[in-house]
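> Fold the stuff below for me.
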Amino acid sequence: MVLTRQVVLLMLCVTVITPIVLYTERLGTFTAPSSKEDFIEDVTTFALNADSSHLNVLPQETLALEEPIGVIYSDNSTSSKNSTQDLQVESRDHVSARVLSATDEEDQTQRENPIKQVTDGVEQGNQSSTSEKADAASENDSGEDAIDAGDNDGKLSDLEHVSDNASQNMEVKQEQDPTETSKVNNKEPIQPKTEKQNDQTVPSDAQVRQLKDQLIRAKVYLSLPATRNNPHLTRELRLRIKEVQRTLGDASRDSELPRNANERMKAMEQSLVKGKQMQDDCASVVKKLRAMLHSTEEQLRVHKKQAMFLTQLTAKTLPKGLHCLPLRLTTEYYQLNSSQQQFPNQEKLEDPRLYHYAIFSDNILAAAVVVNSTVTHAKDPSKHVFHIVTDRLNYAAMRMWFLVNLPGKATIQVQNVEEFTWLNSSYSPVLKQLGSQSMIDYYFRAHRASSDSNLKFRNPKYLSILNHLRFYLPEIFPKLNKVLFLDDDIVVQKDLTGLWSLDLKGNVNGAVETCGESFHRFDRYLNFSNPLIAKNFDPRACGWAYGMNIFDLVEWKRQNITEVYHNWQKLNHDRQLWKLGTLPPGLITFWKRTFPLNRSWHVLGLGYNPNVNRRDLERAAVIHYNGNMKPWLEISIPKYKSYWTKHVDFDHTYMRECNINP
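From the prediction side, this is the model:
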């Protein structure tokens with residue numbers, strides 16, 4: 001009996017007491033840390049060892065630590081309760097360690113994130129160049145000829161900022177429990193978070209931008225020595241780049257991406273995390289990114305310059321169909337006899353009681369649209385008289401077009417500018433300047449270092465006297481009291497007869513002002529560094545628009561406006577007061593002689609600005625395609641083209657023969 005008791009006690013010692021002693025001894029090895037850093041390091045290590053048990057990667061110490069726990073659970077209630085408290089303490093330590101680890105990792109990411117360092121510098125540079133962009137916009141957005149140079153600067157930095165936040169969030173998630181992550185993945189895919197998603201305003205191109213950003217980061221990692229020395233990672237990154245490029249394609253919005261875009265994005269992010277872990281030299285990453293940004297900015301500058309040149313070139317050229325049209329019309333005009341070449345109602349040409357329009361153009365189709373749109377909206381077309389002046393080359397074709405396409409009951413007159421014998425170089429300073437050798441060199445020898453770099457002023461229309469006829473209206477129409485001047489790139493949408501009844505209050509010119517923005521003021525058109533300009537004009541004075549102007553010819557003659565124009569043209573013989581064009585001398589000539597019209601009479605910008613207010617566009621009496629993107633060119637802004645094409649009969653015989661399509 002005694003022997004039996006001794007055997008039982010021995011077994012109890014082996015099965016119960018010995019594990020407790022071993023466990024207590026093991027805990028005794030966990031000594032108190034000497035400092036706060038040591039404590040964080042020890043707790044982090046302890047938590048990581050505990051995490052590794054879920055991955056079935058169990059170190060020997062972890063096995064020895066966790067085996068007694070099962071024995072304690074099988075013991076009495078007191079020891080079970082104590083062990084439960086120990087586990088709770090351990091769990092809290094485990095969570096604290098995980099939070100500390102994630103916080104340290106996030107702080108380190110923010111300190112060492114090379115992409116953010118570079119893009120912050122770029123953003124500061126972009127902010128410092130705001131004034132330069134405004135100056136460039138002022139040149140492009142002039143009322144004379146403008147191009148909307150859409151600026152995408154800063155988008156790259158936004159992409160990198162979004163990607164940086166996404167990569168931080170992904171890294172923090174990877175520090176979490178893999179078991180918990182797998183549970184989340186079973187329910188729904190994890191979407192990378194961005195700042196805009198946190199604000200509950202997700203842009204339509206968020207994924208597209210993030211994929212593009214991933215491509216940039218992947219290419220950076222591929223170019224670094226640490227990645228090149230790892231063939232496996234190199235192959236993986238190249239594979240991911242090809243996948244993302246195929247996924248992106250030509251997509252500009254998330255809705256255009258394929259269904260597997262999210263999977264490709266996550267796969268690329270995982271590869272980028274591997275690449276980031278291999279980089280121990282942040283300076284090389286920053287250096288590479290700066291080089292890439294510099295190269296990209298230089299390429300952008302070159303492309304912008306090329307785009308501007310090509311746009312200017314396209315604006316100067318005449319489409320094949322519009323070149324064919326005057327040739328066919330001219331041929332048929334000279335086959336008519338003299339009686340067939342005359343327009344009806346010529347007795348109305350000098351009647352001051354009627355509504356007279358002045359159109360100076362060498363573009364037959366453009367002039368036809370102006371006349372057709374005006375007559376379409378006129379209450380009484382029989383009272384409207386159109387005076388068209390063109391050059392010798394297009395004179396016969398212009399007459400033939402309107403002989404075949406008479407605008408209803410309205411009256412048409414077509415004149416040849418070269419038949420104005422009074423308009424010669426001895427009378428007109430601008431005509432003398434246009435024929436000078438210096439002006440020819442300025443236009444046709446643009447490669448010289450002394451030439452002006454702004455291609456806008458090299459448009460051949462500035463060499464045409466048709467562009468300057470607007471300053472000679474009393475000489476062209478000596479018996480008229482008022483004339484409405486219309487450019488050939490406008491479309492009339494309402495009846496314009498109300499302009500003749502306006503009281504201009506003693507002014508000569510009635511025009512719509514364009515100083516809604518700061519760059520449409522005098523200082524953007526005139527050289528105020530010249531004392532002659534600075535002394536006579538206000539740099540903040542509001543500019544106005546040519547294209548739809550009502551002129552009081554009686555006041556014009558009384559105030560001798562043509563002589564004022566001539567005097568300023570003589571002073572500007574060396575182009576030091578203003579560059580070429582008609583708006584700057586117009587601002588000077590009609591200084592304090594211009595009556596501001598309501599803005600609804602004339603809306604501009606359809607030849608360069610794709611964001612013209614829709615309501616202003618619909619209620620405007622005249623819409624103006626000022627700029628290089630004319631509606632008869634392929635580079636026109638598509639959403640504005642229908643306003644112009646609806647006044648063209650593309651089924652006309654001449655249109656079909658010359659293959660002119662809408």
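
> CA atoms for contacts and neighbours, from now on please.
Will do.

> Okay, the residue lying closest to Ala206 once chain neighbours are set aside and Asp552: tell me how far apart.
Nearest in space to Ala206, with sequence neighbours left out and distances taken as Cα to Cα, 6 or more residues apart in numbering, is Asp254 at 6.9 Å. Using Cα to Cα, to the nearest Å, Asp254 is found at 57 Å from Asp552.

> Which of the two has more residues huddled nearby?
Asp552 (23 against 16; other Cα atoms under 10 Å).

> isn't that one right next to Leu484, touching?
No. Asp552 is beyond contact range of Leu484, at 9.0 Å (criterion: Cα atoms under 8 Å).

> Quick one: the strands in the protein, in order.
355-360, 384-390, 411-416, 482-486, 490-492, 509-512, 548-552, 594-597, 602-603, 622-624 (DSSP state E).

> how about those, which one is nearest Asn661?
Closest to Asn661 of these, according to Cα to Cα: strand 490-492, at 18.6 Å.

> List the strands paired with that closest one, with their directions.
Partners of strand 490-492 in the sheet, by DSSP bridges, are strand 622-624 (antiparallel).

> model confidence over the partner strand, on average?
The average pLDDT within strand 622-624 is 96.

> And the contacts of that strand?
489-494, 547-548, 601-607, 617 (Cα atoms under 8 Å, 6 or more residues apart in numbering).

> Just the buried residues from those residues, in PyMOL please.
Buried members of the contacts of strand 622-624, defined by 16 or more other Cα atoms under 10 Å, are picked up in PyMOL with:
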select buried, resi 489+490+491+492+493+494+547+548+601+602+603+604+605+606+607+617
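
> The residue nearest to Ala206 contacts Ser204, doesn't it?
Yes. Assessed by Cα under 8 Å, Asp254 is found in contact with Ser204 at 5.8 Å.

> Now stretch 647-657 - C-alpha only, CSV.
Taking C-alpha atoms only, stretch 647-657 is exported to CSV below (Å, rounded to 0.1, in the frame of the first residue of the first chain):
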residue,chain,number,x,y,z
HIS,A,647,-25.3,77.0,-91.3
VAL,A,648,-23.4,75.1,-94.0
ASP,A,649,-25.2,73.1,-96.8
PHE,A,650,-22.8,70.2,-97.2
ASP,A,651,-25.1,68.7,-99.8
HIS,A,652,-24.4,71.6,-102.1
THR,A,653,-22.9,70.7,-105.5
TYR,A,654,-19.7,72.6,-104.9
MET,A,655,-19.3,71.0,-101.5
ARG,A,656,-19.7,67.5,-102.8
GLU,A,657,-17.3,68.1,-105.7
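
> average pLDDT across that stretch?
Mean pLDDT, stretch 647-657: 89.

> With stretch 9-19 instead?
Averaging pLDDT along stretch 9-19 yields 70.

> same thing with stretch 398-408?
Averaging pLDDT along stretch 398-408 gives 94.

> Go through it and flag the buried ones.
Judged by neighbour count using 16+ other Cα under 10 Å, the buried positions of stretch 398-408 are Met398, Arg399, Met400, Trp401, Phe402, Leu403, Leu406, Pro407.

> is it possible to export the residues you listed to CSV including distance to Gly435?
CSV is the format used below for the buried residues of stretch 398-408 (distance: Cα to Cα, whole Å):
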residue, distance to Gly435
Met398, 26
Arg399, 28
Met400, 30
Trp401, 31
Phe402, 32
Leu403, 34
Leu406, 36
Pro407, 37
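
> nearest to Val369, of those residues?
Nearest to Val369 among these, with distances taken as Cα to Cα, is Pro407, at 10.6 Å.

> In this structure the closest one contacts His377, no?
No. Pro407 is beyond contact range of His377, at 12.0 Å (criterion: Cα under 8 Å).

> which stretches of the stretch 151-300 of the chain form helices?
For the stretch 151-300 of the chain, the helices defined by DSSP state H, counting those that start in this stretch occupy 155-175, 178-187, 195-198, 206-223, 225-228, 231-248, 261-278, 282-316.

> Give me whichever of those is most buried.
Among the helices of the stretch 151-300 of the chain, helix 206-223 has the highest mean neighbour count (mean count of other Cα atoms under 10 Å), at a mean of 20.

> Please work out which residues outside stretch 491-504 touch it.
Against stretch 491-504 from outside (Cα under 8 Å, 6+ apart): 355, 369-370, 373-374, 377-379, 482, 510, 550, 595, 620-624, 643-644.

> Between the two ends of that stretch, how far is it?
Length of stretch 491-504, first residue to last, Cα to Cα: 24 Å.

> Quick check: mean pLDDT of that stretch?
Averaged over stretch 491-504, pLDDT sits at 95.

> got the contact list for Leu365?
So Leu365 contacts Leu322, Val648 (Cα under 8 Å, 6+ apart).

> Now do it against Lys494, distance only.
20 Å.

> got it, and His468?
In this view, His468 and Lys494 are 27 Å apart by Cα to Cα.

> ok, now Leu211?
Distance of Leu211 to Lys494, given as Cα to Cα: 49 Å.

> low-confidence ranges in the protein?
1-2, 13-14, 16-202, 280-281, 316, 439-440, 442-462, 516-519 (pLDDT under 70).

> circling back to that earlier point, just curious, which of the contacts of strand 622-624 is nearest to Arg392?
Closest to Arg392 out of these is Asp489 (20.5 Å), distances taken as Cα to Cα.
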